[in-house]
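Peer 1: Below are the sequence and a predicted model for it; my questions follow.
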Amino acid sequence: MFALIGNRAGGSRGRSQGLYPGAEERRVLPRPLRRVVRFCVSLATGRIYIPEHTGTIATFGFFAVVGLYGMSLGGHTQTVAQATTAAAGFAIEDVRVSGNDQTSEIDILQLLGLDGTTSLVALDIDAARRKLSELPWVQYAEVRKIYPKTIEVMLKERRAFGIWQHGSELSLIEKDGSVIAPLRDNKFASLPLFVGRDAEVAAASFEDEMSGWPELKGRVKAYVRVAGRRWDLHLDNGVVLKLPENNVAKALAVLARLEKEQGVLGRDIAAVDLRLEDRTTIQLTGAATERRKQALEARAKALKKSGEQI
């Protein structure tokens, strides 16, 4: 019994090896390749249905991909996008600008390159904001798209504090001394004038110090920085006040007392020197000096004549 089963098993193996010689040596394709081979066989035997015009569509798709790749390499993608979206009805036709007191709308349109055919879709908001921030008066800019044909530009402009004269140049400055733009007209003539090297940097602090003397401040035509250390005040009547480097408030208090007691600023004088704490020097004008000289000479003659008569 056991022998019979064993022979059958052995015979079965023999038959298997006889019927399929070399079966163990056959190579089996990897699973991904099997699918590719089955697809190719099905495509060749007609078991897969291919819709009409598939080749035409594939050809156009191929050329479209090649064209897009070529535009990308040539840097023409933005231009094509502009033209395509503008033709589709997204050309910018309305620009709303707010916050531009000193900045011209024409300058804004030219800087952004808006010519009536610019596409709203293709407009680079970040690049537009950076360009607007480069304008002299613009401190901050915001650009927003409003579909289908409008952009909104909101500006925050810098504020002019004074006029700075350096050499023969006149510039508008902010309170921190930053230069805004050259002075081109008389629109800002009412702003204080600061003259000299480093005057723009020290202007704000000194102007605040002068706020305690409003009447004198109202008569100042120019604040002149001397050697980067102290100030001379040029008044509206031509008188020059020479202030010390330190203790400016004390010097101005002395001047206020002289003005109250003697009306010194209304006299024919050229300058008041307040730089020394223990004395105040007053410089006369040329005409006043000549008159004083003549008066002294006349007095001397009168005294001499009086002495001779005695």
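Peer 2: Cool, got the structure.
Peer 1: From residue 180, how far out is the spatially closest residue to residue 178 that is not a sequence neighbour?
Peer 2: In space, and not counting its chain neighbours, residue 178 is closest to residue 158: 7.7 Å by C-beta to C-beta, 6 or more residues apart in numbering. From N, CA and C alone the C-beta is placed, and that goes for glycine too. The gap separating residue 158 from residue 180 is 5 Å, by C-beta to C-beta, to the nearest Å.
Peer 1: Which neighbours do these two have in common?
Peer 2: 137, 174 (C-beta atoms under 8 Å, 6 or more residues apart in numbering).
Peer 1: Tell me how many other residues crowd the residue nearest to residue 178.
Peer 2: 19 (other C-beta atoms under 10 Å).
Peer 1: Retrieve the pLDDT associated with residue 148.
Peer 2: Residue 148 carries a pLDDT value of 84.
Peer 1: How about the secondary structure of it?
Peer 2: Using DSSP: H, G, I helix; E, B strand; the rest coil, the structure places residue 148 in coil.
Peer 1: wait, it sits on residue 121?
Peer 2: No: using C-beta atoms under 8 Å, residue 148 is not in contact with residue 121; the gap is 9.0 Å.
Peer 1: rewinding a little: list the contacts for the residue nearest to residue 178?
Peer 2: 137-139, 174, 178, 180.
Peer 1: Kindly report the same for residue 159.
Peer 2: 174-175.
Peer 1: circling back: phi and psi next, for the residue nearest to residue 178.
Peer 2: Main-chain dihedrals, residue 158, degrees, to the nearest 10: phi -80, psi 150.
Peer 1: ok, now residue 121?
Peer 2: Main-chain dihedrals, residue 121, degrees, to the nearest 10: phi -70, psi -40.
Peer 1: Outside of the helix or strand harbouring residue 234 itself, list whatever touches it.
Peer 2: Using DSSP states H and E, residue 234 maps to strand 230-235. For strand 230-235, contacts defined as C-beta under 8 Å, 6+ apart pick out 206, 216, 219-226, 240-245, 248, 265, 275.
Peer 1: again with stretch 264-275
Peer 2: Outside stretch 264-275, the residues within contact range by C-beta under 8 Å, 6+ apart are 219, 230, 235, 237-245, 251-252, 254-255, 258-259, 280-288, 291.
Peer 1: Distance from that stretch to the middle of the chain?
Peer 2: 45 Å (C-alpha atoms, centre = their mean, to the nearest Å).
Peer 1: Restrict that stretch to CA atoms and write it as PDB.
Peer 2: What follows is stretch 264-275, C-alpha atoms only, in PDB (Å, rounded to 0.1, in the frame of the first residue of the first chain):
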ATOM      1  CA  VAL A 264      16.800 145.600  21.500                       C
ATOM      2  CA  LEU A 265      15.500 143.700  18.500                       C
ATOM      3  CA  GLY A 266      13.700 146.800  17.200                       C
ATOM      4  CA  ARG A 267      16.900 148.800  17.100                       C
ATOM      5  CA  ASP A 268      19.300 149.400  14.300                       C
ATOM      6  CA  ILE A 269      21.600 146.400  15.100                       C
ATOM      7  CA  ALA A 270      23.100 143.600  13.100                       C
ATOM      8  CA  ALA A 271      23.600 140.900  15.600                       C
ATOM      9  CA  VAL A 272      23.200 139.900  19.200                       C
ATOM     10  CA  ASP A 273      25.900 137.500  20.500                       C
ATOM     11  CA  LEU A 274      24.600 135.300  23.400                       C
ATOM     12  CA  ARG A 275      27.400 132.700  23.300                       C
END
